[in-house]
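Participant: Give the three-dimensional model of this entry:
(one chain, ligands or ions: 1)
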Amino acid sequence: MSAGPHSGPLQRLMEELKKLPGIGARSAERIAFHLLKADRRDTAALAEAILAVKDQIRPCLRCYNLADGELCNICSDPRRDPGQIVVVEQPKDLLSLEATGLVNGLYHVLMGHISPLEGVGPEDLTIDALIKRVRAGGVREVILATNPTVEGDMTALHLGNLLADTGVPVTRLARGLAPGSQIEFANRAMLEEAFRGRHQA
Ligand SMILES: [Zn+2]
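Facilitator: Modelled structure (predicted):
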């Protein structure tokens, strides 16, 4: 490692911070100096929180959302409607949809999308588990909320075909979302429009 103008530990912290998304050299320096001045208890709490995320968060056994137990907060909430399953690509999409307050059902996180270019096939996603959930019964509607991108559309098409013979109605978010946009970055109004306007897949 190249020797910077700062002492070893400080330099090391900045190198680690720079690996984080959206953190450049200037921000890394600012955060590092902030931590240097901060109370030792606060910095210990931050370090522990980072490790706890790595040690305790795992996929929900039912929907693959992030969970700190066997089931995520949503699956373990008895007020949620198990008859509705909203299928998303990643946990961040789930959070965006949750923020609209429109979803009272459960989710299923695919952990990605089908992408031949990236070598991701249906078998790399949690599709089998989704089909099993739907076949287990009690589901009235499956809402496909994959991104309106080439990969998201391809994934939705594949899921629609697989789910067709389950007899459960499958809907897809409306095109309130611009093609090529991503659910995680969509604003609330756009998501609401897309969710309310969902149509048969
Ligand atoms: Zn869950």
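Participant: by contact count, what packs against the helix or strand harbouring residue 194?
Facilitator: Using DSSP states H and E, residue 194 sits within helix 188-196. With contacts taken as 3 or more CB pairs under 8 Å, 6 or more residues apart in numbering; DSSP states H and E, helix 188-196 sits against helix 91-100. Bear in mind the C-beta positions are built from the backbone N, C-alpha and C, glycine included.
Participant: what about dumping the CA coordinates of the helix it packs on to PDB?
Facilitator: Extracted in PDB, the C-alpha atoms of helix 91-100 (Å, rounded to 0.1, in the frame of the first residue of the first chain):
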ATOM      1  CA  PRO A  91     -34.500  -6.300  -1.000                       C
ATOM      2  CA  LYS A  92     -34.100  -2.600  -1.900                       C
ATOM      3  CA  ASP A  93     -37.100  -2.800  -4.200                       C
ATOM      4  CA  LEU A  94     -39.100  -4.300  -1.400                       C
ATOM      5  CA  LEU A  95     -38.200  -1.300   0.800                       C
ATOM      6  CA  SER A  96     -39.300   1.100  -1.900                       C
ATOM      7  CA  LEU A  97     -42.600  -0.600  -2.400                       C
ATOM      8  CA  GLU A  98     -43.100  -0.800   1.400                       C
ATOM      9  CA  ALA A  99     -42.600   2.900   1.600                       C
ATOM     10  CA  THR A 100     -45.700   3.400  -0.500                       C
END
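Participant: what's the angle between it and helix 188-196?
Facilitator: 90 degrees (axes from the mean of the first three to the mean of the last three CA atoms, to 10 degrees).
Participant: What helices and strands are in contact with helix 91-100?
Facilitator: Partner elements for helix 91-100 (3+ CB pairs under 8 Å, 6+ apart): strand 81-88, strand 105-109, helix 188-196.
Participant: Near the ion, which residues of the chain are found?
Facilitator: 60, 62, 63, 65, 72, 75 (CB under 5 Å from the ion).
Participant: Distance check, the residue lying closest to residue 62 once chain neighbours are set aside against residue 109.
Facilitator: Spatial nearest neighbour of residue 62, excluding adjacent residues (CB to CB, 6 or more residues apart in numbering): residue 75 at 4.7 Å. Counting by CB to CB, to the nearest Å, the gap from residue 75 to residue 109 is 11 Å.
Participant: can you tell me the helix or strand for the closest residue to residue 86 other than its chain neighbours?
Facilitator: The shortest distance from residue 86 to any non-neighbouring residue, by CB to CB, 6+ apart, is to residue 143 (4.6 Å). Under the criterion of DSSP H and E, residue 143 resides in strand 141-144.
Participant: as a whole number, average confidence for the next helix-or-strand element following that strand?
Facilitator: Using DSSP H and E, the helix or strand that follows strand 141-144 in sequence is helix 150-164. Model confidence over helix 150-164 averages 95 on the pLDDT scale.
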